[in-house]
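**Q** Okay, predicted coordinates and the sequence, questions at the end:
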Amino acid sequence: MFRHVSTGKTRNKFLGSAATFILGAVAMAQSAHATEELNALVWCDHTDPALIAPFEEKYDVKVNLKEYEGTGAGLSIIEQSRPGDWDVFVIDGVDVHRAVEMDLLAEIPADALPTSDLFSDVVMPENNVVDGKTYAVTEKFGYNTISFDKTKVDPKDMEDMSVIWSDKYAGRIAVYDYYLPVIGLVGLGLGIDTADLDADDMDAIKEKLFAMKKASKQVGEVVSSQTALATGEVDILVGGGEWITAVLSEDKPNLDWVIPKQGGLRWAQSIAVMKDSEKPDLALKFVQYIMSPEGQARLATSSCYWGMPANAKAGENLTDAQKAALRWDDQAGYLKNSQLYPIPDADLDAEMQDAWVEMLQQ
Amino acid sequence: MAHASLETRENRRAWGFVTPALLWTIAFFVIPFIVMAAISLATRKGREIVMAWNFDNYIEFFEKAHLLKGLFVSLEITFTVTLISVILAYPLAWIIAERVPQKWQRMALIMAILPFWTSYVVRSYSWLLVLAQNGVINNSLVYLGVISEPLELASTRSATVIGFVHFFVMLLTLTIYANLVQMPPNYRRAAADLGANGFQVFWHVVLPLTLPGIMVGAFLTFVLCIGDYITPQILGGNNELALPQVIMLQLGRRADFPMAATLSIILMGVVTLAYIACARWLRMERT
């Protein structure tokens, strides 16, 4: 039943992993003697040593990373911390305003950022600029749509969002456990633009959420969702996208993703400097490193999940295979057929989260 | 005078011994509990926490079915786990105490508690690998031709119960074993002399005398199981939420500390009720 495969590719992978491990160990040993420390509250893609080590070496600094999922969780960590504990904050682009309202972010001088090098569609000043002041910059983006195993489901079926709440693939669906994009997706499936989604729509959305839950096998965070799809536990992942499948493109070419005809959700993560940081200059240097073509290429292909870099110049540092996995050349069409996350006010946000827990309890 | 001063000195000595434990309990239980109880009376308004000093969160808990269900899911899982663990642990403890030669009993006990030596999280993930669609159980059953399609084992309540039972059977085995080996063999001999058969000896003598061990083990199982977050989170596949998972959602996603505190107080209340029932039963047994 079990096969042991030993090929040159496997050996190369092993040697590559060993080299990465040794480099990581050397970087860790060096950073242990670093003169300064920087504390960053980040998404899991920033925890890849291949991304962080070059910055640590260049600036003789130890970057302490704390990863979180979902803005609520990030803000919860900040609320439980002392002012000054965090220097850098990676946040959902649509929640930058929320963080600014909470007086958490520092203004970034516009000329300190490579704004002209970014894809124009993802500069998104509506996210990152408040009252004419820049507080964050888009660093990476992608799509929450439908990922699937094209050898087990009919790819044509995946082009219609209604498949996620139908019985056709019941028991073969996993749902990404993040209420905002999935509620946004269900809304799109019902013909509701994310910008127009309000409390009146919640009853219809709940009905479809419950139907989707009934047809699904599990609701899980990034790693368990990715594992379920990769191991064949499920054949469809609602809320997935290139960020789930691209990182597996070499080993799992059977995995694919699509933006259904009703559209998909575009996620965009921003990076910001914390207002109470005691090392604002170093924090800004970190942001600048992440936004550089080299940093962007490493972030785009980070070990946790892949995603399109915001900086168009990152393409110079990516291989053709990496660009193909990211669908570099198809972005114009994808950007056109995708919408930003819903931006609920506090009451609607609470209602959405209640609906999500209700769905989990179905 | 001398008597009084001796009493005073003894009192002071007693306080000297008790004070560190008392201060520890006050600092790390009483004060946090009071703070938590106070926070449970606050309200999350928008993104602010307001000290409202009312019971709105408690009312909301009983009004919102998805919150209340968390408690019922926890209770159902906990009672199931406790019952199955007792049923499996009793014969295991009995075999170790009665059938395993004394020189091998220590080894048997070490084998029984081996699962305690591994990390709780690692153990839960291991079960996920065992129960997965391509896991050990499904692969074996398919290979043997028992089933043609893999069974849905992972990401279910059954998976959560299996993960818990694996752990708590060992705990209960220890408490019941301790009870069994303390029981003088003369009791059973006396019952047999009086004409009781094997089953009657067990039913009328052994079982009643080992009930305290069962109750203590069952109570520990209840407390640890109902407050556990890791096992249902890893093995349950988020297909239903136990109360600790609902509490974590309030903290991790909503930063709704008042509701999290409310749910925690309710959970503590349930555990306290279980303790009172267990303690009363044990007192009744002694009288």
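**A** Looks like it arrived, so ask away.
**Q** From now on I want contacts and neighbour counts done on CA atoms only, so please keep to that.
**A** Noted.
**Q** Tell me the spacing between A:D235 and A:T245.
**A** Distance, A:D235 to A:T245, using CA to CA, to the nearest Å: 12 Å.
**Q** And the two? Which one has more around it.
**A** Neighbour comparison, A:D235 and A:T245: the larger count goes to A:T245, with 27 against 22 (by other CA atoms under 10 Å in any protein chain shown).
**Q** who touches the helix or strand hosting that one?
**A** Secondary structure from DSSP states H and E places A:T245 in helix A:242-245. If you take CA atoms under 8 Å, 6 or more residues apart in numbering or on different chains as the criterion, helix A:242-245 is touched by A:142-143, A:147, A:222, A:226, A:255-257, A:305-307, A:325-326.
**Q** Most neighbours among those residues, please name it.
**A** Using other CA under 10 Å as the neighbour criterion, A:G307 leads those with 29 neighbours.
**Q** ok, residue 70 - contacts?
**A** Chain wasn't specified; assuming chain A. A:G70 neighbours (CA under 8 Å, 6+ apart): A:92, A:178, B:253.
**Q** you looked at the wrong chain, it should be chain B
**A** A:361, B:240-243, B:246.
**Q** And the average pLDDT for the helix or strand encompassing it is what?
**A** Per DSSP H and E: B:G70 is located in helix B:65-94. Averaged over helix B:65-94, pLDDT sits at 95.
**Q** next structured bit after that helix?
**A** helix B:102-113.
**Q** I'd like to know which elements that following helix is packed against.
**A** Contacts defined by 3 or more CA pairs under 8 Å, 6 or more residues apart in numbering or on different chains; DSSP states H and E place helix B:102-113 against helix B:157-182.
**Q** Now find how far off-centre the helix it packs on is within its chain.
**A** Going by CA atoms, centre = their mean, to the nearest Å, the spacing between the C-alpha centre of helix B:157-182 and its chain's C-alpha centre is 10 Å.
**Q** what sits up against the next helix or strand after it?
**A** Scanning forward in sequence from helix B:157-182 by DSSP H and E, the next helix or strand is helix B:185-193. Contact with helix B:185-193 is made by B:198, B:201, B:205-206, as judged by CA under 8 Å, 6+ apart.
**Q** And the helices in the stretch 51-200 of chain A?
**A** Using DSSP state H, counting those that start in this stretch, the helices of the stretch 51-200 of chain A run over residues A:71-79, A:96-101, A:125-128, A:179-189.
**Q** Show me which of these has the highest average neighbour count.
**A** helix A:179-189 (a mean of 24; mean count of other CA atoms under 10 Å in any protein chain shown).
**Q** Do a quick rundown of the helices in the stretch 151-287 of chain B.
**A** B:157-182, B:185-193, B:198-201, B:207-226, B:230-235, B:243-252, B:257-286.
**Q** Make JSON lines from the contacts of helix A:242-245 and add secondary structure to it.
**A** Listed next are the contacts of helix A:242-245 as JSON lines, based on DSSP: H, G, I helix; E, B strand; the rest coil:
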{"residue": "A:G142", "secondary structure": "strand"}
{"residue": "A:Y143", "secondary structure": "strand"}
{"residue": "A:S147", "secondary structure": "strand"}
{"residue": "A:V222", "secondary structure": "helix"}
{"residue": "A:Q226", "secondary structure": "helix"}
{"residue": "A:L255", "secondary structure": "strand"}
{"residue": "A:D256", "secondary structure": "strand"}
{"residue": "A:W257", "secondary structure": "strand"}
{"residue": "A:Y305", "secondary structure": "coil"}
{"residue": "A:W306", "secondary structure": "coil"}
{"residue": "A:G307", "secondary structure": "coil"}
{"residue": "A:A325", "secondary structure": "helix"}
{"residue": "A:L326", "secondary structure": "helix"}
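**Q** Just send these back as TSV, with distance to chain B and pLDDT too.
**A** Shown next, in TSV, are the contacts of helix A:242-245 (distance: CA to the nearest CA, whole Å; pLDDT from 0 to 100):
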residue	distance to chain B	pLDDT
A:G142	22	94
A:Y143	21	93
A:S147	19	94
A:V222	13	81
A:Q226	13	86
A:L255	18	92
A:D256	21	91
A:W257	23	91
A:Y305	21	87
A:W306	24	91
A:G307	24	93
A:A325	27	87
A:L326	29	90
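**Q** Show me which of those residues is closest to A:Y341.
**A** The shortest approach to A:Y341 among the contacts of helix A:242-245 belongs to A:Y143, at 10.1 Å (CA to CA).
**Q** my guess is that closest one meets A:Q269, correct?
**A** No: using CA atoms under 8 Å, A:Y143 makes no contact with A:Q269, being 11.3 Å away.
**Q** Could you identify which of the contacts of A:G70 has the most neighbours?
**A** A:D92 (21 neighbours).
**Q** Next one: that one from A:A272, what distance?
**A** For A:D92, the distance to A:A272 - CA to CA - is 11 Å.
**Q** ditto for A:E250
**A** According to CA to CA, A:E250 and A:A272 sit 33 Å apart.
**Q** For these two, work out which one has more neighbours and name it.
**A** Between A:E250 and A:A272, counting by other CA under 10 Å, A:A272 is the more crowded of the two (29 against 12).
**Q** Quick check: the more buried one vs A:F286, distance?
**A** The spacing between A:A272 and A:F286, counted by CA to CA, is 10 Å.
**Q** give me every residue that touches B:L75.
**A** By CA under 8 Å, 6+ apart, the neighbours of B:L75 are B:I226.
**Q** If we use 10 Å, what do you get?
**A** With contact set as CA atoms under 10 Å, 6 or more residues apart in numbering or on different chains, B:L75 has these partners: B:69, B:81, B:222, B:225-226, B:242-243, B:270.
**Q** can I get these in a markdown table with distance to chain A and neighbour count?
**A** Output for these, formatted as a markdown table (distance: CA to the nearest CA, whole Å; neighbours: other CA atoms under 10 Å in any protein chain shown):
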| residue | distance to chain A | neighbour count |
| --- | --- | --- |
| B:K69 | 7 | 21 |
| B:V81 | 20 | 28 |
| B:F222 | 22 | 23 |
| B:C225 | 19 | 24 |
| B:I226 | 17 | 24 |
| B:A242 | 9 | 28 |
| B:L243 | 11 | 26 |
| B:V270 | 21 | 16 |
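**Q** quick one: which of these is nearest to A:D276?
**A** B:L243 (35.8 Å).
**Q** I figured the closest one was touching B:L267, is that so?
**A** Yes: shown here, B:L243 and B:L267 form a contact pair, counting by CA atoms under 10 Å, at 7.7 Å.
**Q** Find residues that contact each of these two.
**A** Common neighbours of B:L243 and B:L267 (CA under 10 Å, 6+ apart) are B:71, B:74, B:226-227.
**Q** anything in contact with each of A:A272 and A:F286?
**A** A:40, A:87-88.
**Q** just the residues you listed that are near chain B?
**A** Among these, no residue is within reach of chain B (CA under 10 Å from any CA of the partner chain).
**Q** Closest one of the residues you listed to chain B?
**A** A:A40 (18.0 Å; CA to the nearest CA).
**Q** would you say that closest one is within a helix?
**A** No: A:A40 is assigned strand when assessed by three-state DSSP, not a helix.
**Q** Is the residue lying closest to it once chain neighbours are set aside bridged to anything, and to what?
**A** Spatially, and ignoring its direct neighbours in sequence, A:A40 is nearest to A:V88 (4.5 Å; CA to CA, 6 or more residues apart in numbering or on different chains). A:V88 has the following beta-bridge partners by DSSP bridges: A:A40, A:V273.
**Q** ok, A:V88 touching A:A283?
**A** Yes: with contact defined as CA under 10 Å, A:V88 reaches A:A283; the gap is 6.0 Å.
**Q** Give me the more crowded residue out of those two.
**A** Counted by other CA under 10 Å, A:V88 and A:A283 do not tie: A:V88 has more neighbours, with 27 against 22.
**Q** so what's in contact with A:D235 and A:T245 at the same time?
**A** Common neighbours of A:D235 and A:T245 (CA under 10 Å, 6+ apart) are A:147-149, A:229, A:255.
**Q** circling back to that earlier point, what do A:Y143 and A:Q269 both touch?
**A** By CA under 10 Å, 6+ apart, no residue touches both A:Y143 and A:Q269.
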